[in-house]
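J.: prediction below, plus the sequence it came from.
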Amino acid sequence: MTRAKPAQLLPLVVLALFSTSAARAQGVRVFVMGGGSFLEDERFFTRLGDRFRSNYASGGKITFGGEFSLAPAFGFEGSYGYGRNNLRVTDLAASQTLAYGVRTQRLSANLVAHSPVPVLGVRPYA
């Protein structure tokens, strides 16, 4: 008797979780969040006798995600976030600034648990 490997069972689990009948019976929530990033890390340094300053430019962030309810109190949440901050290096003698793009990406997957009862009209979750 051979045992099925977990990797072989994964397509069946995905099919069961994302089938249309299961989707109709469960709640699906989507969200979009925006924000900003304001880094404060200004540095001064000298290279070959020239003085430089480096710092970060402020940048925006955006996150897309959704939650698929597995049960009234439990769900699966996934999200993707993208943002940027540009590293700026300024030659203080020539007043010339070079910018280097710094891009950030974040991908996450979480199991979430909702409170069975609202607290002050809100159902907290973890």
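T.: In hand now; what should we look at?

J.: let me know the pLDDT of residue 117.
T.: Residue 117 carries a pLDDT value of 81.

J.: excluding its backbone neighbours, what's nearest it?
T.: residue 123 (7.8 Å; Cβ to Cβ, 6 or more residues apart in numbering). Yep, even glycine has a C-beta here, placed from its N, CA and C like the rest.

J.: what does residue 104 give?
T.: Nearest non-adjacent residue to residue 104, counting by Cβ to Cβ, 6+ apart: residue 83, 4.8 Å away.

J.: report the beta-bridge partners for the one you found.
T.: Bridge pairing for residue 83 (DSSP bridges) gives the partners residue 61, residue 104.

J.: same question for the one 5 residues further on.
T.: In this structure, residue 88 bridges to residue 55, residue 99 when assessed by DSSP bridges.

J.: what's near enough to touch residue 120?
T.: By Cβ atoms under 8 Å, 6 or more residues apart in numbering, residue 120 lies in contact with nothing.

J.: backbone phi and psi for it, please?
T.: phi 60, psi 40 (degrees, to the nearest 10).

J.: same thing with residue 65?
T.: Dihedral angles (degrees, to the nearest 10) for residue 65: phi -160, psi 180.

J.: hang on, isn't it packed against residue 106?
T.: No. Judged on Cβ atoms under 8 Å, residue 65 makes no contact with residue 106 at a distance of 10.4 Å.

J.: much appreciated, bye for now.
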